[in-house]
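> Have a look at this prediction, sequence included:
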Amino acid sequence: MLLTMLSLGSIRVLGVPTDPYIERFDIEAYLERNDSCFITIRFTLVVPEAYGKKVTAIKLPLLERQDVPPREGNITSWKTSQGVHIDWIESMYLSHIMIISFDEPISPGRKVNVRISLSASKDVFVIKIPYNPDGRVFYYRFYRPNVSLALENSILKVYLPHNSYLRQFERYRELLSPIANLLQIGDEVTLGRTSVTWDLSTPEVITSERTVFTCTYYLKQETMTSTGTNISEPKPVNTQNSFVIIFTSNIISVLIAFTISWLLFRQRSARVKIPSISGIDLAKQTLNEKDLKKIEGIISQLSSEEIEILRLLAKNGGSMRQREIPLNIGFSKSKISRMLKRMENMGLITRNLVGRTKQVNLSPAFLAYFLSRIQRFQEENPSK
């Protein structure tokens, strides 16, 4: 029985709230070249002490019944954080509504962090542009849930597929929408992808029944040389100074964090032989282009879930206990273990036994690759 299925509407919480509300709502979408999509939704649900009742479920709409153009794909799988379950219902206008229920009802005075991972086939969130075989549009509707919103620093972040770039197509939607919510366009150095970030915490989004976010992009054609190297069309240069400034500041921040992690790692492992990927010499100050392409080739073989692990490690200073990763990623321990073993064999991570668990670290090869890319960026942009 759903103790609480409120129809409060989505409003900014002012003063001391008395009704349940969501204080943070972040969405990340990883788009693939086959037009499938992997989406992670994270939010924090708060039940104030003054509410006086337990909450066992909330409702979050996801997809409309009638899309234009018509939607042919579907949600193929989903995972949730521990103690959270999803049931799907529909209505006259909506084909997919998530009923997010909790094994342990949320008592007044408590808050809970929820993580949901969704896999969608093609033609759900990514649609082909009819007159251009390599043109795509990402299409996401942020619907108002049935609890109040007090969103601060909440974002929707989209990672375009490898070897793709933003492009405006004549007679088909704007390049980015809504432009007023746009926070950043940049290149994720560690992932080799272009990213687009929108702000979800604006009054327009919070008070609207739904807000549609779109961006159009172009898939560069990939060809293989006799040596097996991918050759793609050159990426257009983004001339918007605001985006360059944002991107450069992010690069500097990440460089500082990874430099500290790298120095600490070398200090701890001064007497340990440094592992390598396919014979790459990590004693060099800067990896050459051949080394960089070799590592990029390995990274391009990773699944969206494996890339999520790399990002999680990077956010935690490059090192985590293995038992902590399933709690943050949302997959089973056995699946995480299989992915870590594969990434270890590829040379992207290392694992050391610490007590009854293993410590997972970003490998020196991966860190060297990252630092080389940063150094290359600074050499090519000395005035930035």
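Looks like it arrived, so ask away.

> show me the contacts for S154.
S154 makes contact with R24, F25, D26, D199, L200, S201 under the criterion C-beta atoms under 8 Å, 6 or more residues apart in numbering. C-beta coordinates here come from the backbone N, C-alpha and C atoms, glycine included.

> what domains does the record give for the chain?
21-224, 243-380 (automatic domain parsing).

> Quickly compare the ones you listed and say which is most buried.
Scoring the domains of the chain by mean neighbour count under mean count of other C-beta atoms under 10 Å gives domain 21-224 as the most buried, with a mean of 17.

> State the mean pLDDT of that domain.
Mean pLDDT, domain 21-224: 86.

> Could you check how far that domain is from the centre of its chain?
10 Å (C-alpha atoms, centre = their mean, to the nearest Å).

> One more: stretch 20-32?
Per C-alpha atoms, centre = their mean, the centroid offset for stretch 20-32 relative to its chain is 9 Å.

> export that stretch as PDB, just CAs?
Output in PDB follows, covering the C-alpha atoms of stretch 20-32 (Å, rounded to 0.1, in the frame of the first residue of the first chain):
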ATOM      1  CA  PRO A  20       8.200  16.000   1.500                       C
ATOM      2  CA  TYR A  21      10.400  17.500  -1.100                       C
ATOM      3  CA  ILE A  22      13.400  16.700  -3.300                       C
ATOM      4  CA  GLU A  23      16.500  18.900  -2.500                       C
ATOM      5  CA  ARG A  24      18.800  17.600  -5.300                       C
ATOM      6  CA  PHE A  25      18.100  16.000  -8.600                       C
ATOM      7  CA  ASP A  26      20.900  15.200 -11.000                       C
ATOM      8  CA  ILE A  27      20.600  13.400 -14.400                       C
ATOM      9  CA  GLU A  28      23.500  12.000 -16.500                       C
ATOM     10  CA  ALA A  29      22.900  10.600 -19.900                       C
ATOM     11  CA  TYR A  30      25.500   8.600 -21.900                       C
ATOM     12  CA  LEU A  31      24.700   8.500 -25.600                       C
ATOM     13  CA  GLU A  32      26.100   5.700 -27.800                       C
END
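
> mind listing what L166 touches?
L160, L175, L176, I185, T194, V196, C215, T216, Y217, Y218.

> re earlier: just to be sure, which of the contacts of S154 are found in helices?
Using DSSP state H, the subset of the contacts of S154 located in helices is empty.

> can you redo the residues you listed as TSV with distance to L63?
Output for the contacts of S154, formatted as TSV (distance: C-beta to C-beta, whole Å):
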residue	distance to L63
R24	23
F25	17
D26	19
D199	23
L200	18
S201	23
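
> Once you drop chain neighbours, what's closest to D187?
Among residues not flanking D187 along the chain, T194 sits closest, at 5.7 Å (C-beta to C-beta, 6 or more residues apart in numbering).

> follow-up on the earlier one: just curious, which of the contacts of S154 is nearest to M343?
D26 (24.4 Å; C-beta to C-beta).

> Is the nearest residue to the closest one once chain neighbours are set aside bridged to anything, and to what?
Leaving aside its sequence neighbours, D26 sits nearest to R42 (C-beta to C-beta, 6+ apart; 4.7 Å). Beta-bridge partners for R42, by DSSP bridges, are D26, R115.

> In contact with R42, which residues are there?
Residues near R42 by C-beta under 8 Å, 6+ apart: R24, F25, D26, I27, N113, V114, R115, I116.

> check contacts around L353.
Q359.

> element containing it, please.
Secondary structure from DSSP states H and E places L353 in strand 349-354.

> May I have the beta-bridge partners of R141?
Listed beta-bridge partners, R141: V212 (assigned using DSSP bridges).

> For it, give its distance to V212.
5 Å (C-beta to C-beta, to the nearest Å).

> A365 against K294, yeah?
No. Using C-beta atoms under 8 Å, A365 is not in contact with K294; the gap is 9.7 Å.

> Name the next helix or strand following the helix or strand containing L156 along the chain.
According to DSSP H and E, L156 maps onto strand 155-159. Once the chain leaves strand 155-159, the next helix or strand it forms, by DSSP H and E, is strand 164-166.

> before we move on, what SS does I127 have?
strand (DSSP: H, G, I helix; E, B strand; the rest coil).

> Run through the bridge partners of it.
V137.

> so it touches G135, yeah?
No. Between I127 and G135 there is no contact, the gap being 9.7 Å when judged by C-beta under 8 Å.

> ranges for the helices of this structure?
Secondary structure of the chain by DSSP H: the helices cover 203-207, 241-268, 289-299, 304-315, 325-329, 333-346, 364-380.

> Comparing these, which yields the minimum mean pLDDT?
helix 241-268 (a mean of 53).

> still on that earlier bit, shouldn't the residue nearest to D187 be in contact with Y165?
Yes. Between T194 and Y165 there is a contact under C-beta under 8 Å: 6.0 Å.

> Can you work out which residues contact both of these two?
With C-beta under 8 Å, 6+ apart as the test, T194 and Y165 both reach Y217.

> Need the distance between the two termini of stretch 125-140.
Start to finish, the residues bounding stretch 125-140 are 6 Å apart (C-alpha to C-alpha, to the nearest Å).

> Touching it from outside, list them.
With C-beta under 8 Å, 6+ apart, stretch 125-140 has contacts from 27, 29, 31, 35-37, 39, 69, 156, 158, 160, 164, 167, 169, 172-173, 212-221.

> Hmm, A50 is touching P108, no?
Yes. Judged on C-beta under 8 Å, A50 makes contact with P108 at a distance of 7.4 Å.
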